[in-house]
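# Got a predicted structure here, sequence first:
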Amino acid sequence: MKKIVSLILFLSCILSVTIAVADPVKLVYWHYFTDRDAVLRKIAADFEKQTGIQVDVQNYGPPEAYDRRLSAAARGKALPDLITITLNITNYAAYVRGGHFLDLTPYMDKEWKSSIPENYLRGFTFTPEDMSVYGVKKAGLYGLPVDANCMAIFYNTKLFEKAGLKTVPKTWDEFITVGSKLRAAGIDPFVANFYGQQWENHTFWMNYAFAYLGTKGFTDLTFGRVKFSDPRVVKSFKIFADMRDAKMYMKGITGGINGEDIFPQNKVGMFWFGSWEIGVWKQTAPNFQDFDVFYPPKPADAANQCLLPGGPGAAIAVNAKGKNTEAAVKFVKYLTSKVPQMMYAESSQNIPVNLTARKEMKTGSKLAKFVPWMGSLYYGMFQNPPMWGEILSKVNVEIQSIILGEKTPEQVCKFLDEEYERIKKRYEE
Amino acid sequence: MLKRPWKRREIVYLFFVLPALIFFGVFVIYPFIKNFLITFYSWDGLNEMKFVGLTNYKKALFQSPDFWKPIKNAAFLALMGITIQNGLALLLAWIVDKELKGAKFYRVIFFIPPMLSFVVIAFLWKWILEPNLGILNIFLKNVGLGKWALAWLGMRETALPTVAMVNIWASFGWGFVMFLAALQGIERDIYEAARIDGANHFQEFWKITFPLLLPIITSVSILTILGAMQQFDLIYVMTGGGPAGATEVPVNQMYMQAFQNGMWGYATTLGVLLGVILFIISLLQLQIKKWLVDW
């Protein structure tokens, strides 16, 4: 009897080991990109064909809901193998501090490293200097971008033609003139999501803050070494007053009108937004083709060109506490390699992060127009102090005050200096 | 000897209510206590909490204008709710109670908005109020009132009142149903007796209906204040707190502090302070009700 029991136990062990060996590795990948879900699934299927590793791509958009799900999963130690990172330094640092994200540095061979722009890698790296600022215990690269993006001013080619405009503005004065001509032709000149806490408010301002201050000056502003009441910063806010005085804003611009919906309806001449919108319109307004983009024009008295906010778009991290970290890293490497990146770019109309894939983009396409500007980007995730996010939320509100004519740029800057000191004191405590 | 079976029965009863007690404890009492405890910590929502004592309360009450301005906006919503929303709900309930033709139809119609999610309502009204393509402004232009075709949500003067109006539209149905139920519970004989004594409609309302409705008016008012002061989704979708912070409300602030700035301790402190304010208001209202009924 004993022998029979032993034999049964032995056979059960063998069987379970066999099942375990035969069971393919299965990764779970969470993201929030409704527009990119299909292509991510296709890439995952191709990856499985090549490696036998299954990747279950799960969409939990929109981003706000995704964020809540992710933090709950982290607290409950139930994070998936592959995690889409929302690009917010406070959140990113919190996950790294908690040891949730795997340090990818040891896996980044020379070839992989050189395929992604260096400043993007810096954007996800905690250097030893960053560690004390963000409370991170170990320096390293804890995430990688999957695509890239860039802001610009979109313009409606048909409406420009209707207003007799043949070229796009190259200087700030020309920009204001274009606005006046559009208005004179009965066309609303400009729309942007300049309401609530929309990031479009401060990103448009940042172009001009860079133009007047330069990158170093801007970084100094974020760290409080340059004051908001500095005349150059005041000038960077004055652009909103210039546009208001030239009657460029679409009616109700501060009241929640959605440029993404209105611009493709041929109702407005110009729209401040990001490169990814081309992919969104492909789905929401597939017949809308009468648009192009131009670089934000520089004011004559600014020392520098505008510097576009942008850089890495969607990003991915590997769960450090996952069971299949090696396989997960393998997928990240595949996802950022040339062929999947080209497929991703083609399908989602986002700029690939892989440099070889970027070189092979179809020239003449609307998306390709952004590529030369990718060198003039400011990606400020690590260049700013942790309190900067809160300052920007104040900037958003103050920009609206200028647009509404409630405050002058000087008053706004004075107020922002006071707020900066108050928030700084709070953070220091 | 007599007490023993009663005690046993009590234990059996306890077993019956135990699942509900556990459920209530886990999902209401525990989060409530936990939430209160978090206010004494600095927490990023993920990692270890750091004890900071009363710092979060000090920040909220004395070092930050972010708390009182949204409270003022929410108080405006509550005031509009108590006066216009409840007034409208009471008036409509009173009319429908007068055996109006098609009363059942109105009862259903008035209760449709409260059945919709605030997010749906917010999108619906955002489209209606859209300054350039919205049907309200198109209508105003077509009937020769073009100068009234305003950027309703884009101007400081109009944004908060407009949101308040949408909130009223979305919420008055609750009050309507509760008032109607209370009106239908009043004995008709009392009105008949009053009429025989020569009372007119106004006197009937003021001397009979209103005093008998006082308990329900208090309850509806408390619910209106609680609802208005905790409004979030409507404002988040319609204005995002803008223009220039004109429609910021306390829950909006909490959301921003927790989810954008990662300051969960501070955000929960704002929540607790709002809770205390609402508790005091509710107590005051109950006291006023008691005073009115005694009077």
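Thanks, I have the structure now. What you are looking at is a predicted structure, and each value in this text was computed from that prediction instead of being measured.

# so who does residue 234 touch?
Here I'm looking at chain A. Contacts of residue A:234 were listed using Cβ atoms under 8 Å, 6 or more residues apart in numbering or on different chains, and they are A:228, A:409-410, A:413. All C-beta spots, glycine's among them, are computed from the backbone N, C-alpha and C.

# Oops, wrong one, chain B.
Counting by Cβ under 8 Å, 6+ apart, the residues that residue B:234 touches are B:118, B:121-122, B:163, B:166-167, B:170.

# Could you rerun that using 6 Å?
For residue B:234, the contact set (Cβ atoms under 6 Å, 6 or more residues apart in numbering or on different chains) comprises B:118, B:122.

# same thing with residue B:264?
B:43, B:45, B:258.

# For residue A:212, report the pLDDT, please.
Residue A:212 is assigned 96 on the pLDDT scale.

# List the single closest residue to it in space, sequence neighbours excluded.
Distance criterion Cβ to Cβ, 6 or more residues apart in numbering or on different chains; nearest residue to residue A:212, sequence neighbours excluded, is residue A:232 at 4.0 Å.

# in which helix or strand would I find that neighbour?
Using DSSP states H and E, the element containing residue A:232 is helix A:231-245.

# What are the buried residues along the helix ranked longest in chain B?
The residue-count maximum for a helix in chain B (DSSP state H) belongs to helix B:264-294. Within helix B:264-294, the residues that qualify as buried are B:264-274, B:277-278, B:281-282, B:285, B:289, counting by 16 or more other Cβ atoms under 10 Å in any protein chain shown.

# again, but for stretch A:175-194
A:175-176, A:178-179, A:181-183, A:187-194.

# close to chain B, is it?
No: judged by Cβ under 6 Å from any Cβ of the partner chain, stretch A:175-194 and chain B are separated, with a smallest distance of 7.0 Å.

# For that stretch, measure first residue to last.
With Cα to Cα, to the nearest Å as the measure, stretch A:175-194 spans 18 Å from end to end.

# returning to what we had before: sort out for me which of the buried residues of stretch A:175-194 are in helices.
Short answer: the buried residues of stretch A:175-194 in helices (DSSP H) are A:175-176, A:178-179, A:181-183.

# Closest one of those to residue A:353?
Minimum distance to residue A:353 across those is 30.8 Å, recorded for residue A:175 (Cβ to Cβ).

# you'd agree the closest one is up against residue A:168?
No: at 9.0 Å, residue A:175 does not count as touching residue A:168 under the criterion of Cβ atoms under 6 Å.

# Any stretches of the stretch 1-150 of chain B with poor pLDDT?
For the stretch 1-150 of chain B, applying pLDDT under 70 flags the ranges B:1-6.

# Could you find the closest non-adjacent residue to the residue of it found nearest chain A?
Nearest to chain A, among the residues of the stretch 1-150 of chain B, is residue B:131, at 3.4 Å (Cβ to the nearest Cβ). Counting by Cβ to Cβ, 6+ apart, residue B:131 lies nearest to residue A:252, which is 3.4 Å off, once chain neighbours are set aside.

# how far away is the one you found from residue A:191?
Distance, residue A:252 to residue A:191, by Cβ to Cβ, to the nearest Å: 10 Å.

# go on, residue A:60?
30 Å.

# next one: residue B:286
49 Å.

# and the stretch 201-350 of chain A, which residues reach chain B?
Close to chain B, as judged by Cβ under 6 Å from any Cβ, the stretch 201-350 of chain A has residues A:251-252, A:254-256.

# Most neighbours of all the residues you listed, which one?
Most neighbours among those, by other Cβ atoms under 10 Å in any protein chain shown: residue A:255, with 31 neighbours.

# In three-state terms, how would it be classified?
Recorded secondary structure, residue A:255: coil (DSSP: H, G, I helix; E, B strand; the rest coil).

# Does it touch residue B:154 like I think?
Yes: Residue A:255 lies in contact with residue B:154 (Cβ under 6 Å); the separation is 2.6 Å.

# Need the overlap of contacts for these two.
residue B:243.

# how deep is the closest residue to chain A within the stretch 51-200 of chain B tucked in, by neighbour count?
Residue of the stretch 51-200 of chain B nearest chain A, by Cβ to the nearest Cβ: residue B:154 (2.6 Å). By the criterion of other Cβ under 10 Å, residue B:154 has 30 neighbours.

# Just confirm it contacts residue A:256, I think it does.
No: using Cβ under 6 Å, residue B:154 is not in contact with residue A:256, being 7.4 Å away.

# thinking again about what came up before, restrict the helix holding residue A:232 to CA atoms and write it as PDB.
Extracted C-alpha coordinates of helix A:231-245, given in PDB (Å, rounded to 0.1, in the frame of the first residue of the first chain):
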ATOM      1  CA  PRO A 231      10.700  91.500 -16.600                       C
ATOM      2  CA  ARG A 232      11.400  88.600 -18.900                       C
ATOM      3  CA  VAL A 233       8.800  86.400 -17.200                       C
ATOM      4  CA  VAL A 234       6.300  89.200 -17.200                       C
ATOM      5  CA  LYS A 235       6.800  89.500 -21.000                       C
ATOM      6  CA  SER A 236       6.200  85.800 -21.300                       C
ATOM      7  CA  PHE A 237       2.800  86.300 -19.700                       C
ATOM      8  CA  LYS A 238       2.100  89.400 -21.800                       C
ATOM      9  CA  ILE A 239       1.500  87.200 -24.900                       C
ATOM     10  CA  PHE A 240      -1.900  86.200 -23.500                       C
ATOM     11  CA  ALA A 241      -2.800  89.900 -23.100                       C
ATOM     12  CA  ASP A 242      -1.600  90.600 -26.700                       C
ATOM     13  CA  MET A 243      -3.800  87.800 -28.000                       C
ATOM     14  CA  ARG A 244      -6.700  89.000 -26.000                       C
ATOM     15  CA  ASP A 245      -6.300  92.600 -27.200                       C
END
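
# Right, I'll leave it there.
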